[in-house]
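In: Could you work out the structure for the sequence below:
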Amino acid sequence: MLDQAEHLRRLAASVSQQERQKQAKKRIPRVITVTSGKGGVGKTSFVVNLAIVLSRLGKKVTVMDADLGLANVDVMLGLVPLHTLHDVVQGRKTLEEILITGPEGIKIIAGANGLAELANLTEKQRGHLVNSLLYLEEASDVLLIDTSAGLSPSVLSFIFAADELVVITTPDPTAITDAYGIVKVVASEQPQPKIKLVVNLVNSESEGRAIAERFAEVSRKFLQLELQFLGIISNDQHVVRAVRQQLPFVISFPRAKAAQDVQAIAHALLALPVEAPRGIRGFLARLAALWEKSGEPEDCL
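Out: Here you go, the predicted model:
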């Protein structure tokens, strides 16, 4: 017969093992920054529609509108945010209170320019904000970050803080050149970054694949970098109609070619393994460190 002490030791060991198993099974959210070299390539539309498809595939998705100058995710969805991250920074609201629920249950963080205040907060205030944002660690499987276009320091900070980067371009030569510029900068700062490519507004799959192959070849030759090609999105008039209706095209025109393309990209994205993800906690810590180092997000690099 076991004495009480031995029984308690075995019970504690069992609880400890269960806790370890629970932690092992605990998912780490994927943090994915989506960016482009220039505006007008359909980046925000892609982010919104990708979020909805991922939600349909059983993922809890949060979209952070990180365009610090011209946030428009909420506009694209016809939503009117009553509060933003600025209210969280000021302690007036919690993150749960400012989250907007969009189509198919996706969550939207509007006005991510509130994150710019990270650099100027006291340590206590920064800790409060970061702890509030950590709510997303449990509430999300995927955090999609929609940045501004271009190579501004604030854009680069979101790129370097996230685990994954998706670069979207079009067949337009200037868009391709600017997209390559982003890839080149990232490759110079990070060893073997995992960069994924999407080619939007293509007239045929063969056109999109040819562009991706040339892009990959140049990256391999001059940057010693292997790109991951996620797929193409067709030049589809249903997309234009959906934007005017302020509805995602995967909802308003689910059978459209562009909608099918985004579905294929979502499946390809989920099929790719993620090495040593840092999750939202790691993303926030890295972002805060980048901005604290410079004192201002506009000069973070």
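
In: in the stretch 51-200 of the chain, what spans have low per-residue confidence?
Out: 68-71, 111-122, 124-128 (pLDDT under 70).

In: which stretches of it form strands?
Out: 61-66, 100-101, 107-109, 142-147, 164-169, 195-202 (DSSP state E, counting those that start in this stretch).

In: Now Phe46: closest residue in space that isn't a chain neighbour?
Out: Spatial nearest neighbour of Phe46, excluding adjacent residues (C-beta to C-beta, 6 or more residues apart in numbering): Ile168 at 5.7 Å. C-beta: built from backbone N, CA, C; applies to glycine.

In: Next one: the one you found from Leu272, what distance?
Out: Using C-beta to C-beta, to the nearest Å, one obtains 16 Å as the distance from Ile168 to Leu272.

In: And these two? Which one has more around it.
Out: Applying other C-beta atoms under 10 Å to Ile168 and Leu272 shows that Ile168 carries more neighbours, namely 26 against 12.

In: Assess the claim that that one and Gly40 are in contact.
Out: No - using C-beta atoms under 8 Å, Ile168 is not in contact with Gly40, being 11.1 Å away.

In: hmm, back to that, out of the strands of the stretch 51-200 of the chain, which comes closest to Tyr180?
Out: Relative to Tyr180, the nearest member of the strands of the stretch 51-200 of the chain by C-beta to C-beta is strand 164-169, separated by 8.4 Å.

In: Would you mind extracting the C-alpha trace of the closest one into CSV?
Out: Below are the C-alpha coordinates for strand 164-169, written out as CSV (Å, rounded to 0.1, in the frame of the first residue of the first chain):
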residue,chain,number,x,y,z
GLU,A,164,7.1,34.7,-42.5
LEU,A,165,7.0,37.1,-45.4
VAL,A,166,4.7,37.1,-48.4
VAL,A,167,5.7,39.5,-51.2
ILE,A,168,3.0,40.2,-53.8
THR,A,169,3.7,41.6,-57.2
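
In: Tell me which strands it pairs with, and in which orientation.
Out: Paired strands of strand 164-169, with direction, are strand 30-35 (parallel), strand 195-202 (parallel) (DSSP bridges).

In: For my notes, please list the ones you listed in a markdown table and give distance to Glu189 and mean neighbour count for each entry.
Out: Below are the strands paired with strand 164-169 laid out as a markdown table (distance: least, C-beta to C-beta, whole Å; neighbours: other C-beta atoms under 10 Å):
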| stretch | distance to Glu189 | mean neighbour count |
| --- | --- | --- |
| strand 30-35 | 14 | 25 |
| strand 195-202 | 12 | 24 |
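
In: Which one of these lies nearest to Val88?
Out: Judging those by C-beta to C-beta, what sits closest to Val88 is strand 30-35, at 18.2 Å.

In: May I have stretch 258-276 as PDB, with CA atoms only?
Out: C-alpha atoms of stretch 258-276 as PDB (Å, rounded to 0.1, in the frame of the first residue of the first chain):
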ATOM      1  CA  ALA A 258      -9.500  34.700 -58.700                       C
ATOM      2  CA  ALA A 259     -11.400  33.200 -55.700                       C
ATOM      3  CA  GLN A 260     -10.300  29.700 -56.800                       C
ATOM      4  CA  ASP A 261      -6.700  31.000 -57.000                       C
ATOM      5  CA  VAL A 262      -6.700  32.400 -53.500                       C
ATOM      6  CA  GLN A 263      -8.100  29.100 -52.200                       C
ATOM      7  CA  ALA A 264      -5.200  27.300 -53.900                       C
ATOM      8  CA  ILE A 265      -2.700  29.800 -52.300                       C
ATOM      9  CA  ALA A 266      -4.300  29.200 -48.800                       C
ATOM     10  CA  HIS A 267      -3.800  25.500 -49.200                       C
ATOM     11  CA  ALA A 268      -0.200  25.900 -50.400                       C
ATOM     12  CA  LEU A 269       0.500  28.300 -47.400                       C
ATOM     13  CA  LEU A 270      -0.800  25.800 -44.900                       C
ATOM     14  CA  ALA A 271       1.100  23.000 -46.400                       C
ATOM     15  CA  LEU A 272       4.500  24.700 -45.900                       C
ATOM     16  CA  PRO A 273       6.300  23.900 -42.700                       C
ATOM     17  CA  VAL A 274       7.300  26.700 -40.400                       C
ATOM     18  CA  GLU A 275      10.700  26.400 -38.700                       C
ATOM     19  CA  ALA A 276      11.000  27.500 -35.100                       C
END
